[in-house]
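J.: With the input below, show me the fold.
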Amino acid sequence: MPVDPRSPDAAAVAPVADVWEFLVGGLSAYGRLYGLPDDSDQVQGILGTLLRLHQPEKLPAVVDHVVQQVLDGLTPEALKNVMVNRASSTLAKATRRWQQQLESQVEDILATYLQRYSPTLTPDTLRSAATAVMPLLGNDRPPTRAETVGLISYLVRTFDPEKALTRAINPIYLAIAHKLAISLSQKPLEAAVSETVTAYVAQYAPTLTSIGADLIATALGAVLKNQVDFNFDTQLSVVDEKLLIEQVSFQLNILRQSPLSSKAAEVVAAEVNAAVEAFLSHRRDRDEAVDVTTGLVSDDGLSVSSPWTSTRPPAAP
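T.: Residues are numbered from 1 along each chain as shown. Down below sits the predicted model:
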């Protein structure tokens with residue numbers, strides 16, 4: 001299996017003994033206080049929060065890598081025999097508070113979405129909706145991949161759409177539920193853009209470590225220009241470009257998902273590469289070399305300077 005270039009170097013982030021022991025101690029304390037889930041994804045989420053709270057300076061990709069190493073080496077004996085002290089118990093309590101806060105927030109948003117936009121959710125659409133919520137939360141410190149995977153697994157198992165329809169709506173989540181509805185309506189276009197970016201990286205930039213907003217915007221323009229090549233019943237349209245870019249960026253950079261590329265995506269990826277090369281050549285000619293794949297960050301963090309700009313009028317939500 002090829003190594004994801006966006007993953008940190010294993011040797012550079014291998015957990016030292018004291019970090020490993022502290023994490024396992026925190027997990028053991030969590031289990032004694034609240035019980036441990038029988039789902040490995042949820043255990044991964046707990047470890048992710050434990051490490052993020054213990055060492056908040058760590059980058060999300062490093063947190064996820066260390067968590068996976070700890071999870072791979074975890075045994076019932078290690079949980080039973082590890083030393084649990086006041087520090088690990090305090091960390092376990094803080095982890096549970098954070099998890100409950102996040103669970104309640106996402107459940108409220110999903111309930112608001114159900115009542116306002118869609119009265120039903122299947123397990124598959126629930127998973128898709130819960131995933132799409134994550135980049136919309138606006139927290140100062142967004143969840144890592146480990147925490148996201150754990151939360152989604154928990155929600156798929158416990159969220160009851162029928163009860164959610166009777167849940168009181170919190171007005172503060174109306175705006176986020178509206179964004180969620182738009183994001184879900186753009187899923188076909190979002191999938192085509194994700195496939196195109198994945199195909200571009202695989203064919204032309206295999207060492208790329210971060211997918212920039214400008215690269216996603218370039219792929220979006222290329223997909224819109226060539227949408228007839230994608231097998232959809234209706235024409236693709238973009239309602240909110242910024243939201244779409246946020247969703248694709250979250251999936252490719254945080255979740256590090258690499259969807260299988262369709263033939264259409266591979267063809268369009270060649271056009272994306274041509275646009276990137278032309279853009280870089282133009283910048284070099286002006287002695288202003290800029291790497292379009294890293295994104296040109298504006299105040300909102302989502303500058304879009306794609307050489308393609310869609311002229312399609314926005315569709316109604």
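J.: which stretches of the chain have low pLDDT?
T.: 1-16, 232-234, 285-317 (pLDDT under 70).
J.: could you measure residue 123 against residue 245, distance?
T.: Taking Cβ to Cβ, to the nearest Å as the measure, residue 123 and residue 245 are separated by 28 Å. Heads up, the C-betas are built off the backbone N, CA and C, glycines and all.
J.: gap between the residue positioned nearest the centre of the chain and residue 213?
T.: Nearest residue to the geometric centre of the chain (Cα atoms, centre = their mean): residue 250, 3.5 Å. When Cβ to Cβ is the yardstick, residue 250 and residue 213 sit 12 Å from each other.
J.: Pull out the buried positions in stretch 23-40.
T.: 23, 24, 25, 26, 27, 28, 29, 30, 31, 37 (16 or more other Cβ atoms under 10 Å).
J.: Looking at these, spot the one nearest residue 181.
T.: Distance to residue 181 across the buried residues of stretch 23-40 (Cβ to Cβ) is lowest for residue 37, with 30.1 Å.
J.: so the residue nearest to the centre of the chain makes contact with residue 136?
T.: No. The criterion here is Cβ atoms under 8 Å, and residue 250 misses it with residue 136 at 9.3 Å.
J.: thinking again about what came up before, contacts only, for the residue nearest to the centre of the chain.
T.: Going by Cβ atoms under 8 Å, 6 or more residues apart in numbering, residue 250 touches 134, 135.
J.: any idea how far it is from residue 243?
T.: Distance from residue 250 to residue 243, by Cβ to Cβ: 11 Å.
J.: Contacts only, for residue 110.
T.: By Cβ under 8 Å, 6+ apart, residue 110 lies in contact with 121, 126, 129, 130, 133, 155, 159, 164.
J.: which SSE is residue 64 in?
T.: In this structure, residue 64 sits in helix 60-73 according to DSSP states H and E.
J.: Just the CA coordinates for that helix, please, in CSV.
T.: Provided in CSV are the C-alpha atoms of helix 60-73 (Å, rounded to 0.1, in the frame of the first residue of the first chain):
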residue,chain,number,x,y,z
PRO,A,60,-3.4,17.3,13.9
ALA,A,61,-1.6,14.9,11.5
VAL,A,62,1.0,14.1,14.2
VAL,A,63,-1.8,13.5,16.8
ASP,A,64,-3.5,11.1,14.4
HIS,A,65,-0.2,9.2,13.7
VAL,A,66,0.7,8.8,17.3
VAL,A,67,-2.8,7.7,18.2
GLN,A,68,-2.8,5.1,15.5
GLN,A,69,0.6,3.8,16.9
VAL,A,70,-0.8,3.6,20.4
LEU,A,71,-4.0,1.9,19.2
ASP,A,72,-2.0,-0.7,17.2
GLY,A,73,0.1,-1.6,20.3
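J.: and residue 58, backbone torsions?
T.: phi -70, psi 140 (degrees, to the nearest 10).
J.: nope, residue 121 is what I was after
T.: phi -140, psi 120.
J.: For the closest residue to it other than its chain neighbours, give its distance to residue 174.
T.: Nearest residue to residue 121 in three dimensions, chain neighbours excluded: residue 161, at 4.7 Å (Cβ to Cβ, 6 or more residues apart in numbering). Distance, residue 161 to residue 174, by Cβ to Cβ: 19 Å.
J.: All the helices of the stretch 151-300 of the chain, in order from the start?
T.: Taking DSSP state H, counting those that start in this stretch, the helices of the stretch 151-300 of the chain run over residues 161-164, 174-185, 187-204, 213-225, 241-249, 263-285.
J.: Export those to TSV and append columns for distance to residue 45 and mean neighbour count.
T.: Putting the helices of the stretch 151-300 of the chain into TSV (distance: least, Cβ to Cβ, whole Å; neighbours: other Cβ atoms under 10 Å) gives the following:
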stretch	distance to residue 45	mean neighbour count
helix 161-164	21	14
helix 174-185	21	19
helix 187-204	23	23
helix 213-225	27	26
helix 241-249	21	22
helix 263-285	31	17
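J.: Kindly state which of those helices is positioned closest to residue 19.
T.: helix 241-249 (28.9 Å).
J.: Can you spell out which helices and strands pack onto the closest one?
T.: helix 174-185, helix 187-204, helix 213-225 (3 or more Cβ pairs under 8 Å, 6 or more residues apart in numbering; DSSP states H and E).
J.: so which of those helices comes closest to residue 256?
T.: Closest to residue 256 of the helices and strands packed on helix 241-249 is helix 187-204 (Cβ to Cβ; 10.8 Å).
J.: which residues are contacting the closest one?
T.: Applying Cβ under 8 Å, 6+ apart, the contact partners of helix 187-204 are 128, 183, 208, 211, 215-216, 219-220, 222-223, 227, 230, 232, 236-238, 244, 247-248, 251-252, 257-262, 264-266, 268-270, 272-273, 276.
J.: Right, I'll call it a day here.
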